[in-house]
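# next input, structure requested:
(one chain, ligands or ions: 1)
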Amino acid sequence: MQKYDETQIQVLEGLEAVRKRPGMYIGSTGPKGLHHLVYEIVDNAIDEALAGYCTDIGVRLLPGEIVEVSDNGRGIPVGIHPTEGISAATVVYTVLHAGGKFGGGGYKHAGGLHGVGSSVVNALSEYLELTVFDGEHEWYQKFERGNYSEPIKIVGDSSKRGTTVRFKADPEIFKESDVYDYETLLLRLREEAFLNAGLTITYSDERDPNEDFEIVKLKYDGGIRQFVEHIHTVRGLTPLCENVIYVSGVEGDSSCEVALMWNDSYNEVVMSFANNVYTPDGGTHEVGFKNALTRAVNDYGKKFNFLKADEKYAGEDIREGLTAIVSVKLSDCEFEGQTKGRLGNPEVKPFVDKLVFEKIGIFLEEHPEEAARISEKCIAAKSAREAAKKAREAARKKSQMESMSLPGKLADCTEHDLDYSELYIVEGDSAGGSAKQGRDRKFQAILSLWGKMLNVEKARLDRVYGNEKLMPIVAALGTSIGEDFDLAKLRYGKVIIMADADVDGSHIRTLLLTFFFRFMRPLIDEGHIWLAQPPLFKVSRGKKQRYAFSDEERDMYIAELTAEGGKCDVQRYKGLGEMDPDQLWETTMDPERRTMVKVGIDDAFKADETITILMGDKVAPRRDFIVKNAKYVSNLDI
Ligand code: TTJ
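Down below sits the predicted model:
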């Protein structure tokens with residue numbers, strides 16, 4: 001029988017707290033939190049790799065949504081913990097935040113959301129099986145929701161070393177979904193492999209016993225250099241130079257490595273990490289890097305006469321088309337901000353700045369040919385920025401001259417309280433006509449677009465200014481674009497894209513979303529962009545009519561209207577223009593009855609990658625994307 005001394009009571013209280021408020025420990029109990037369990041366990045194996053004792057990590061998805069993670073590290077110590085009086089391995093998996101106490105020195109995954117320790121995973125698992133190989137024996141212990149009835153014990157002899165954990169997330173906690181997404185985990189495991197050069201991570205999805213499965217081996221001896229190459233390959237970006245530029249250095253117990261390369265796009269992708277934890281909000285490491293790069297490239301430009309004495313590149317000129325990975329490893333990371341997404345350690349900024357400034361300066365001087373290409377790209381970006389500035393001035397003067405004349409195609413509304421006012425961006429004059437007649441002119445404005453607009457993915461700001469298809473949108477919204485963008489000047493609370501449910505409509509929708517993503521990003525981040533959902537079918541019989549928004553709904557209404565026998569009429573709407581104004585109002589515009597989709601971004605890196613793939617000029621990555629994602633598409637208009 002298990003003894004209940006103060007240790008056990010503390011354990012039960014600790015894990016009880018985790019089960020009571022899991023969101024405090026893993027962010028949410030939705031899909032993100034579920035996948036966080038895997039990251040948490042893998043992080044412990046990565047820590048063992050960072051300490052230099054583990055070279056291989058295995059991750060397997062097993063039938064019943066069971067996850068198995070194994071490493072070939074030293075094996076968690078199984079000896080009796082000096083103060084807790086029970087096996088150290090049991091302590092690691094039952095006492096909150098216990099792991100860090102043992103690992104002597106080395107880099108630990110960050111505190112906060114990361115590195116809360118394996119005990120949280122244990123508490124939130126219906127069961128968890130821990131196996132430790134200490135070089136002589138195989139030890140085993142089973143937990144249920146963090147509790148155990150048997151201490152860890154020897155179950156066999158083995159010369160192996162390492163730790164293996166199997167766990168099943170507790171459906172009582174993860175009510176929304178306990179199904180893992182293969183791609184989501186693959187993305188993160190690949191990132192960990194890039195960040196830990198030479199580490200082998202194997203990954204397999206064995207959940208369907210009737211399906212063969214492949215074991216993916218993630219191992220990148222080139223580390224973050226290969227991370228930069230991978231980003232270019234996946235996005236179909238053409239590198240400016242042959243080799244990725246790599247810089248690294250150590251100061252005390254801090255280390256930093258940076259990999260960077262320019263490409264033929266106008267977008268900047270800078271990702272920074274601290275102890276392998278992605279810092280989406282940047283921080284001192286990223287600021288140090290950016291400042292140093294700007295100074296180094298400007299110094300080079302002046303020294304080799306790419307720049308006149310009074311000229312300089314802006315940071316954004318230099319980072320146009322730049323892909324960079326900044327990775328620092330510190331003995332004690334300070335993560336700041338609401339979502340712990342920003343690195344706070346102040347000493348890191350001068351450390352990274354000095355390292356990058358010196359080493360990039362040396363690289364440029366030692367590689368004049370690459371340095372010239374980089375300088376030419378910066379000059380092009382600089383002159384485009386200056387041209388955009390002139391165009392913006394001109395556009396501003398023009399609009400002032402015409403006293404904020406709004407584009408002719410805008411049928412404005414009378415109400416401009418952002419809580420109510422809506423702008424429908426409609427494709428084509430026929431749909432525009434129906435929308436104008438069907439709308440409530442008090443709070444609904446209509447802007448008709450005609451024909452296909454510019455794909456801004458390959459356009460700098462100067463080409464957007466003066467574009468006769470884009471500028472009416474900018475004028476109607478009132479916020480301007482790019483660094484002039486001012487959300488406070490937005491004239492509508494909702495900007496609703498209402499396009500046909502056919503392939504042309506999808507194209508217009510995608511072009512608009514690309515434009516908003518690249519040049520009016522806060523509109524998306526603040527939830528102002530919506531997609532109208534016009535009905536796909538009208539099912540009618542006699543006086544009765546139903547609007548269906550999917551094939552399933554159509555079939556349901558057919559069954560309903562023919563329940564007493566007889567036939568009904570099914571009309572497939574090809575375009576909004578086929579609907580008369582009051583049909584458009586009642587199905588798609590009436591706030592009481594319409595359904596709309598709010599455009600949001602929960603992974604900015606992934607969104608950036610997807611826009612680059614879909615809207616960039618390389619066909620191969622787009623084809624791969626479509627093949628991989630075709631299974632998720634419904635209502636495909638061919
Ligand atoms: C995650 O990785 C695979 C299986 O089990 C998980 C785990 O906890 N691995 C792990 C922990 N490997 N090594 C440790 C560990 C090693 C020492 C020496 C001390 C501590 C606290 C943990």
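
# tell me the buried residues in the helix or strand that contains Glu48?
Secondary-structure element containing Glu48, defined by DSSP states H and E: helix 31-50. By neighbour count on 16 or more other Cβ atoms under 10 Å, the buried set for helix 31-50 is 31, 33-50. Backbone N, C-alpha and C define where each C-beta goes, glycine included.

# now do stretch 359-376
Those would be Lys359, Ile360, Gly361, Phe363, Leu364, His367, Glu370, Ala371, Ile374, Ser375, for stretch 359-376 by 16+ other Cβ under 10 Å.

# quick one: the helix or strand just after the helix holding Glu48 to chain centroid distance?
Counting by DSSP H and E, the next helix or strand C-terminal to helix 31-50 is strand 56-62. From the chain centre to the centre of strand 56-62 is a distance of 23 Å (Cα atoms, centre = their mean, to the nearest Å).

# do the same with stretch 534-552
37 Å.

# show me which helix or strand of the protein is least confident by mean pLDDT.
Across the helices and strands of the chain, mean pLDDT, DSSP states H and E gives its lowest value to helix 99-102, namely a mean of 49.

# how far away is the residue of the stretch 401-550 of the chain found nearest the ligand from Ile481?
Across the stretch 401-550 of the chain, no residue is closer to the ligand than Asp525, which sits at 35.0 Å (Cβ to the nearest ligand atom). Distance, Asp525 to Ile481, by Cβ to Cβ, to the nearest Å: 15 Å.

# between those two, which is the more surrounded one?
Looking at Asp525 and Ile481 with other Cβ atoms under 10 Å, you find the greater number of neighbours at Ile481, namely 24 against 15.

# my guess is the more buried one contacts Ala459, does it?
No. The pair Ile481 and Ala459 does not pass the contact test of Cβ atoms under 8 Å, sitting 11.5 Å apart.

# on that earlier part again, average pLDDT for the helix holding Glu48?
For helix 31-50, mean pLDDT rounds to 92.

# and what of stretch 499-510?
Summarised as a single mean, pLDDT over stretch 499-510 is 86.

# how about stretch 383-394?
So the average pLDDT for stretch 383-394 ends up being 89.

# what does stretch 249-268 give?
96.

# could you work out the end-to-end span of that stretch for me?
Stretch 249-268 stretches 24 Å from its first residue to its last (Cα to Cα, to the nearest Å).

# next: stretch 310-320.
Stretch 310-320 end-to-end distance (Cα to Cα) = 21 Å.

# what residues does it touch?
Here stretch 310-320 makes contact (Cβ atoms under 8 Å, 6 or more residues apart in numbering) with 266-268, 270, 290, 293-294, 297-298, 301, 307, 377-379, 381-382, 385, 460.

# so which bits of that stretch are buried?
Residues Lys312, Tyr313, Ala314, Glu316, Asp317, Ile318, Arg319, Glu320 are the ones in stretch 310-320 that count as buried (16+ other Cβ under 10 Å).

# what's near enough to touch the closest residue to the ligand within the stretch 1-150 of the chain?
As assessed by Cβ to the nearest ligand atom, the ligand sits closest to Ala45 within the stretch 1-150 of the chain, at 3.0 Å. By Cβ under 8 Å, 6+ apart, the residues touching Ala45 are Cys54, Ile57, Val69, Ser70, Asp71, Gly73, Thr163.

# can you redo the residues you listed as TSV with distance to Gly146, secondary structure and neighbour count?
Below are these laid out as TSV (distance: Cβ to Cβ, whole Å; DSSP: H, G, I helix; E, B strand; the rest coil; neighbours: other Cβ atoms under 10 Å):
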residue	distance to Gly146	secondary structure	neighbour count
Cys54	25	coil	23
Ile57	23	strand	28
Val69	17	strand	22
Ser70	21	strand	19
Asp71	21	strand	28
Gly73	23	coil	23
Thr163	18	strand	26
